[in-house]
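In: What follows is a predicted protein model with its sequence.
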Amino acid sequence: MKLNIEVLKRQRKIKISTKRVIYTIKKVEKTLLSIKNKKFLNIIKNYSSLSVSIVFVSKKKMKELNFKYRKKNSTTDVLSFPYLEHELPDNLYLGEILIDPERVYCQSKLYGITFWQELTRVLIHGFLHLIGYDHEKSVNQAKKMSKLEEKILSNLQS
């Protein structure tokens, strides 16, 4: 399985290592494969490659997008837009993950962790949304998603 990752930087306040973002997403993919996550396996079973876009946006842009798509007049750390579209016969475009690095930075300070630890959590969260997890549907879904996030985080730290 090949994973194509496009990283776009549409903000300038916080520097972000593209290589580190790509490495993290590839580790998330490998973890989902190694734990045989059913949602992920069902999505990828007919494809030899996947594509995903990760876009870092400003606080202002994230607030606009959060209002446009979720009717919430505030910024958020991550928005995910699953597409699940066939780009080529054997490639599936999972979708876009939009991240506000300023929000991630503030959350990292609030939680007493590094920026990269929080960014990793946000990347995992966004990727899980792309493959069909939605913590806003029900308490049960939220628990499943949170448990999987923790499992992936634990795997990345070992």
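Out: Perfect, thanks for sending it.
In: In this protein, what residue spans correspond to helices?
Out: With DSSP state H as the criterion, the chain has helices at 18-34, 38-44, 59-70, 101-111, 115-130, 139-157.
In: and the ones you listed, which is most packed in?
Out: Most buried of the helices of the chain by mean neighbour count (mean count of other CB atoms under 10 Å) is helix 115-130; its value is a mean of 22. Using the backbone N, CA and C atoms, a C-beta is placed for each residue, glycine as well.
In: Which neighbouring elements make contact with that helix?
Out: helix 18-34, strand 49-57, strand 78-88, strand 91-99, helix 101-111, helix 139-157 (3 or more CB pairs under 8 Å, 6 or more residues apart in numbering; DSSP states H and E).
In: TSV for those, including distance to Phe67 and mean pLDDT?
Out: Listed next are those as TSV, based on distance: least, CB to CB, whole Å; pLDDT from 0 to 100:
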stretch	distance to Phe67	mean pLDDT
helix 18-34	26	96
strand 49-57	13	96
strand 78-88	11	84
strand 91-99	13	95
helix 101-111	15	98
helix 139-157	23	93
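In: Which among those is found nearest to Lys2?
Out: With CB to CB, the closest approach to Lys2 among the helices and strands packed on helix 115-130 belongs to strand 49-57: 4.0 Å.
In: Who are the contact partners of Glu149?
Out: The neighbourhood of Glu149, defined by CB atoms under 8 Å, 6 or more residues apart in numbering, consists of 121, 124-125, 128.
In: ok, which pair from those is furthest apart?
Out: Within those, two members stand farthest from each other by CB to CB: Arg121 and Leu128, at 10.8 Å.
In: Tell me the spacing between the residue most central in space within the chain and Asp77.
Out: Nearest to the mean C-alpha position of the chain, by CA atoms, centre = their mean, lies Gly126 at 2.4 Å. Using CB to CB, to the nearest Å, one obtains 9 Å as the distance from Gly126 to Asp77.
In: overlap in contacts of the two?
Out: Shared contacts of Gly126 and Asp77 (CB under 8 Å, 6+ apart): Ile99.
In: how about a markdown table for the helices of the chain, with distance to Leu84 added?
Out: Output for the helices of the chain, formatted as a markdown table (distance: least, CB to CB, whole Å):
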| stretch | distance to Leu84 |
| --- | --- |
| helix 18-34 | 15 |
| helix 38-44 | 7 |
| helix 59-70 | 17 |
| helix 101-111 | 26 |
| helix 115-130 | 8 |
| helix 139-157 | 18 |
